[in-house]
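Enquirer: Let's see this in three dimensions:
(one chain, ligands or ions: 1)
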Amino acid sequence: MVDATELPGASKATSNGSGPESAADKTTAGSTRSGAPSGPRYAQIIGWGYEVPSKVITNHDLEQIVETSDEWIRTRTGIEERRVASDPQETTATLGLAAARKALEVADVHPSKVDLIICSTSSPEHIFPSTASIIQDGLGATNAGAFDLSAACSGFVYALSMARGHILAGDAEYVLVIGAETLSRLVDWTDRNTCVLFGDGAGAVLVAASSVPGGIIASELGSDGSGADLLIVPAGGSAIPPSLETVSSGNHFIKMDGKAVFRFAVRVMSDATKAVLARAGLSTDDVDLVIPHQANLRIVQNSVLKQLRIPEEKVFVNLQRYGNTSTASIPIALCEAIKAGKVKPGDHLVFVGFGAGLTWAACAVQWSVPTDRQEADWWRATRRQAGYQAAAARSMWRRAVRWVYQVWPDDPEGSPRRDIEPPKERETPLNGARGGDD
Ligand code: UT7
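Expert: This next block holds a predicted model:
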């Protein structure tokens with residue numbers, strides 16, 4: 001368990017000093033995973049990172065594709081531009097992996113220490129295996145369990161709540177929570193109702209067991225499946241399996257009743273915020289920063305600002321530059337809020353989201369770690385890079401061993417099978433995932 005002096009950036013003497021004491025190479029003393037509980041446990045966010053594709057699509061670019069205008073998109077949504085994974089090599093896993101690497105780097109925690117990886121996504125690499133497992137392989141997080149979480153745009157906050165639960169139960173010391181999307185691959189670029197809204201990207205945080213009070217202090221999760229058809233990709237699952245017909249009718253694209261989702265969002269954003277604050281024993285006056293799901297500026301204005309009367313300067317919005325990146329929007333906004341100096345140790349934050357399902361979720365967080373990130377020194381950066389290359393080599397080696405088992409005959413007299421292809425690198429080479437968001 002990480003103590004006050006082990007949080008990244010904490011000094012040896014205080015829990016919120018400015019000395020560059022790192023969490024790397026520290027053992028998780030008192031780990032309940034391997035022994036008896038040792039005092040109160042808290043779930044602290046100790047690392048963060050995000051990754052967005054480099055390709056920018058502005059509202060003016062969209063004017064060339066569908067019948068829309070920059071003026072309409074700005075006034076109805078607040079969005080000015082979004083990032084789109086235009087390179088086929090850029091996928092939900094590559095974006096998620098890059099964000100996850102940055103989160104581990106900020107925390108200075110080795111991938112082998114991660115116990116669990118939760119990837120929230122609605123645009124996974126495949127129906128299965130999970131995108132989380134692919135990211136686990138790319139990280140070389142050899143001791144981690146991994147699964148995807150499907151709760152659409154609320155997913156990242158659901159995943160934070162799961163991470164907190166695992167940590168408080170003593171089942172994990174480090175949980176990597178990732179929100180990653182390439183919704184541009186599910187958007188119908190001829191449908192102006194949806195294509196102007198969404199963008200691609202990923203954000204990640206590392207949640208650690210800690211003896212420092214605070215961290216993720218409360219969560220509120222909700223669902224109303226009676227609204228399932230309001231925001232849906234109808235085909236491609238078991239209800240309507242993919243076929244030539246589903247593709248020709250466009251049923252594998254996102255369909256949305258925007259107005260109904262808007263009304264629902266305004267209601268649940270304020271209700272969920274109130275509920276999570278009540279659980280945390282806080283009032284709206286105690287809140288230092290709200291990081292809402294970045295879907296539409298008018299939703300934020302009508303819920304958090306108007307209904308809860310939280311002042312504008314306490315609400316972080318960056319949707320003008322990224323559009324709605326679904327489950328990635330809150331962690332990306334968190335990283336940018338940190339970079340903008342809006343998050344300090346002791347601050348009370350609220351993350352609140354809504355999305356398909358219908359779902360909603362809120363978390364109250366008491367921030368505990370310094371946010372003045374120390375640049376990794378040359379040696380650590382090189383060692384980390386070598387670790388990722390070793391992870392790629394390990395992955396390739398395992399594929400090769402499986403291939404040998406496949407081609408080698410059970411009967412020692414028989415000859416090896418020649419019809420089985422030798423292993424290839426994944427078509428979306430994770431080792432190519434870029435690093436460095438700033
Ligand atoms: O993560 C959750 C994801 N979903 C959401 O957050 C969606 C929530 N809903 C919204 O954000 C808003 O409802 C939208 C931005 C989707 C739409 O805004 P609205 O103010 O509710 O517009 P509307 O759907 O009532 O449409 C108004 C008009 C319609 O034309 P008519 O019927 O009045 O002639 C639409 O056809 O605007 C038209 N319209 C557009 N015009 C230009 C719809 N989309 C566009 C567009 N460009 N892109």
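Enquirer: Every contact and neighbour count from this point should use C-alpha atoms.
Expert: Fine.
Enquirer: Next one, pLDDT for the closest residue to residue 292 other than its chain neighbours please.
Expert: Distance criterion C-alpha to C-alpha, 6 or more residues apart in numbering; nearest residue to residue 292, sequence neighbours excluded, is residue 352 at 4.9 Å. Note on residue 352: pLDDT of 98.
Enquirer: residues touching the residue nearest to the spatial centre of the chain, list them.
Expert: With distances taken as C-alpha atoms, centre = their mean, residue 179 lies nearest the centre of the chain, 1.7 Å away. Going by C-alpha atoms under 8 Å, 6 or more residues apart in numbering, residue 179 touches 96, 119-121, 155-156, 202-204, 327-329, 331.
Enquirer: Swap in 6 Å and give it another go.
Expert: Counting by C-alpha atoms under 6 Å, 6 or more residues apart in numbering, residue 179 makes contact with 119, 120, 156, 202, 203, 327, 328.
Enquirer: cool, and residue 2?
Expert: Residue 2 neighbours (C-alpha under 6 Å, 6+ apart): residue 210.
Enquirer: Now do the strands in this structure.
Expert: 42-51, 56-58, 81-83, 116-120, 145-149, 174-181, 201-210, 215-223, 231-232, 255-256, 289-292, 348-355, 359-366 (DSSP state E).
Enquirer: closest one to residue 321 among these?
Expert: Residue 321 lies closest to strand 81-83 among the strands of the chain, at 5.0 Å (C-alpha to C-alpha).
Enquirer: tell me which parts of this protein are close to the ligand?
Expert: When proximity is defined by C-alpha under 6 Å from any ligand atom, the chain lies next to the ligand at 68-69, 72, 76-77, 153, 192-193, 196, 258-259, 261-262, 295-296, 326, 355.
Enquirer: Could you count how many residues lie near the residue nearest to residue 214 when sequence neighbours are not counted?
Expert: With sequence-adjacent residues excluded and distances taken as C-alpha to C-alpha, 6+ apart, residue 214 is closest to residue 366, at 5.0 Å. Counted with other C-alpha atoms under 10 Å, residues neighbouring residue 366 total 23.
Enquirer: beta partners for residue 366?
Expert: residue 215, residue 348 (DSSP bridges).
Enquirer: same thing with residue 148?
Expert: residue 119.
Enquirer: which residues of the stretch 251-400 of the chain fall in helices?
Expert: Here the stretch 251-400 of the chain has its helices, by DSSP state H, counting those that start in this stretch, at 258-280, 297-300, 319-322, 329-339, 378-407.
Enquirer: between these, which gets the lowest average pLDDT?
Expert: helix 378-407 (a mean of 87).
Enquirer: who does that one touch, helix- and strand-wise?
Expert: With contacts taken as 3 or more C-alpha pairs under 6 Å, 6 or more residues apart in numbering; DSSP states H and E, helix 378-407 sits against no other helix or strand.
Enquirer: how distant is that helix from the center of its chain?
Expert: 24 Å (C-alpha atoms, centre = their mean, to the nearest Å).
Enquirer: Please apply the same query to stretch 242-249.
Expert: For stretch 242-249 - counting by C-alpha atoms, centre = their mean - the centre lies 30 Å from the chain centre.
Enquirer: now stretch 190-206
Expert: 13 Å.
Enquirer: Show residues contacting it.
Expert: Contacts of stretch 190-206 (C-alpha under 6 Å, 6+ apart): 45-52, 82-84, 95-96, 99-100, 103, 175-182, 187, 189, 322-325, 328, 331-332.
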